[in-house]
Each structure stands twice: as structure tokens, then as C-alpha cells.
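Q: Quick check, what structure comes out for this input:
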Amino acid sequence: MSSDDVRDAVADLRRIAFLLERAHESTYRVRAFRTAAAALRGRDAEELARLHAAGSLTDLRGVGEVTARCIGESLAGEEPVYLRRLEDAVARADADGVPLADAAVRLRESLRGDCHSHTDASDGGSPLAEMAETAIGLGHDYLVVTDHSPRLTVANGLSADRLRRQLDQVAELNERIAGTGSGFRVLTGIEVDILDDGALDQDAELLAELDLVVASVHSKLRMPHAEMTERMLTAVANPHVDVLGHCTGRMVTGRRRRPGSDFDAQAVFDACAEHGVAVEINSRPERLDPPKRLLRLAVEAGCEFTIDTDAHAPGQLDWLDNGCARAVLCGVPPERIRNTRDAAGLLGAH
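A: Coordinates of the predicted model:
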């Protein structure tokens, strides 16, 4: 078999993982393909062909029967059946579903980056470099990494020391990326918890060093109306806050389904407009936050916005369509969406 007949097995495995993530499939299934792709790195096609011929691909740590079958098909120059089925499902959804309005398509094309993403440093599923590589592949100019803050222990939130180490890792990665001439940048950030009294769950001096701060409520979501309103107003007035993340905290699908928090949305959005804090249009299928009624209210209040994926895995970085469709439906002016701007424009917005 000539090298021209061999597909890139690693690329095929990563594409499968990407499409599974995009479809919000189970984490263990996605991990199986990403782990297998990692096991193949550094091995040439001839070595893999020998292992395949001997029936020994599963001897590689992280390669199971299903992934070995996909690898064998790639080595034979064939699109793996597993991948073909996923691609066909995407094509059918595009053909049978309701397409995005032309305006939403144009808005998606105008987005320069994503302001809310997570890595395996907190509760994401993939390392920093993998998230950046996927963002580049999607055509982004930048990706803001916003892992959780320390109080959210269930999400392995970053202490000040861990966050500082991540800043060093971002700097090193940006140096390597600069050598490729892509022009892409990883921007530093955090999704900082809004504490019960509206304070932020991280050192103020460290927050001041970050490119972008997303502030979100993750606890006591059923706090009484007046208290939740004051909590959010206090956070929005903090000069370190750039974006108010998934403002109601609602979940509309899945086992964690819950209603949004109760607060004075008019007062909170007025404060966002006053203090230059963008309201996030969260694109996660289970969040789609804020609800359309509140999103229209934020538009009327004169707020600016970001459209973000809140991605916890590389394939989820492709969820921006969800937010774009809602933004167009609710009349969000494109010029008020901060991530339609380049990195300099984004960072100078607040």
C-alpha cells in the first residue's frame, strides 16, 4: 500500500470525537476516540499497518475494538464507517432542520472568537493546546480560556497559584502559535464565581492581570428575588468584570433541568449598560441563556453582548450557531456584539 492510499487515522479519530461532542454525546464515548488518537501520535503509518495486519492495534494503550476498526479503515484509505455515519447525520440535519436565517449566517461569519471556554485544568475534557488547535481550525482569531474559580470545587476550580501557572502555559503556547504565522491568540480569562454577597471568587490583583473576566452565579440559584438582584448588581459594578455569564443559570434540557434565578432583570441589565459589562448569549444547548424575553430586554436596555459556547470540549466550540440564531431572533445589533471585533477591539471594550 502506498502512502497516498492511507488516510490520516489521527485526524479521522479526532473528527469523530469532534462530531460526537457537537452532538452532545456521552463523555466516555468522546474520550475513547480522543484517547485512541493520542495513542497514535508519533507512530508512522507503516508501524500502524504492521500492528493492524497482526491484529495488535488493541495492544496500544487506549485503543479499543471500535477505535481499532476505525484505524484499520483509515489505513486502508477508506473513510471509517463510524465517521461516515456521523457525517451523514450532520448532512441530514442540515437538510431536514430549519436553517439559520441569512442574517444569522452572516453574524456567525462575523464572529472573531469565543469568550467563554474551559480546559481540563478545571472541568473541561481537553488540554489547553487541544482547545486552541480546534479554535484555529474553526477559523477563530482568538479563544478566551475561562476556567472556573476555586470555590466551585465540583468543577476543580483554579486557585490563585494554579491560575498563575495557567497564565504561564498560555504565554508559552502563544509563543509557539506565533511561530506558525496564523495570527491566532489565546486570551487569558476566568469564569469567576459571584459569591453570595456579590464579591468575586478570586484575588482582585490577579483578576486585573487577565484579558477578560466572565462572572457567573453557580450557587444558591433559588436565592430570594431582592437578594439575588443585589448580589448581581454588586458583581456587575465590580470594575474587573467584563461579561455577565449565563445570567439566569437555567437548564432547559437533560437531567439537570431547572428554572432560571429570580431577579430584577431590568435593574441588572441597566447596570450592565452603565458599567460596560457585556451580557453573555450562552450557546450551550442545555442553557440557551438568557431566555428570549430577557435577551430582548437587554437589547432595550442598551447592553453590549458576547456570543459564547461555554465549551467544555473541543467539539463544543462549534455551538456558536445556537447563540447567533437567538441573537438575530431577538434583534441584537451586530455592532453591539463584542466578539465581532478583533482581539484589540474586544480588550478595549471595557
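
Q: can we go C-alpha only for contacts and neighbour counts from here?
A: Noted.

Q: The residue most central in space within the chain pairs with what?
A: For the chain, the residue sitting closest to the mean C-alpha position, by C-alpha atoms, centre = their mean, is residue 311 at 2.1 Å. Taking DSSP bridges as the rule, residue 311 bridges to residue 117.

Q: State the distance from it to residue 301.
A: Going from residue 311 to residue 301 by C-alpha to C-alpha, to the nearest Å gives 28 Å.

Q: do the same with residue 83
A: 46 Å.

Q: what sits against the closest residue to residue 146 other than its chain neighbours?
A: Counting by C-alpha to C-alpha, 6 or more residues apart in numbering, residue 190 is the residue found nearest to residue 146 once chain neighbours are left out, at 3.7 Å. Residues in contact with residue 190 (C-alpha atoms under 8 Å, 6 or more residues apart in numbering) are 145, 146, 147, 148, 149, 210, 212, 213, 214.

Q: Where does the nearest residue to the fourth one once chain neighbours are set aside sit: helix, strand or coil?
A: The shortest distance from residue 148 to any residue other than its chain neighbours is 4.5 Å, reached at residue 157 (C-alpha to C-alpha, 6+ apart). Three-state assignment for residue 157 (DSSP: H, G, I helix; E, B strand; the rest coil): coil.

Q: Per-residue pLDDT of residue 157, please?
A: What the model reports for residue 157 is a pLDDT of 96.

Q: Residue 95 too?
A: Note on residue 95: pLDDT of 58.

Q: Thought residue 147 was touching the residue nearest to residue 148, still the case?
A: Yes - look at residue 157 against residue 147 with C-alpha atoms under 8 Å: they come within range, at 7.0 Å.

Q: Now the common contact residues for those two.
A: Shared contacts of residue 157 and residue 147, defined by C-alpha under 8 Å, 6+ apart, are found at 121, 122, 123.

Q: most surrounded residue in these?
A: If you count neighbours using other C-alpha atoms under 10 Å, the busiest of the shared contacts of residue 157 and residue 147 is residue 122, which has 22 neighbours.

Q: mind listing what residue 301 touches?
A: Contacts of residue 301 by C-alpha under 8 Å, 6+ apart are 266, 269, 270, 273.

Q: and the longest helix for this protein?
A: Secondary structure of the chain read by DSSP state H shows that its longest helix is helix 160-178.

Q: and the very next helix or strand once past that one, average pLDDT?
A: Counting by DSSP states H and E, the next helix or strand C-terminal to helix 160-178 is strand 185-193. Across strand 185-193, the average pLDDT comes to 98.

Q: by how many degrees do strand 185-193 and helix 160-178 diverge?
A: Per axes from the mean of the first three to the mean of the last three C-alpha atoms, to 10 degrees, the angle that strand 185-193 makes with helix 160-178 is 160 degrees.

Q: contacting residues around the helix or strand just after strand 185-193?
A: Counting by DSSP H and E, the next helix or strand C-terminal to strand 185-193 is helix 204-209. For helix 204-209, the external contacting residues (C-alpha under 8 Å, 6+ apart) are 160, 213, 240.
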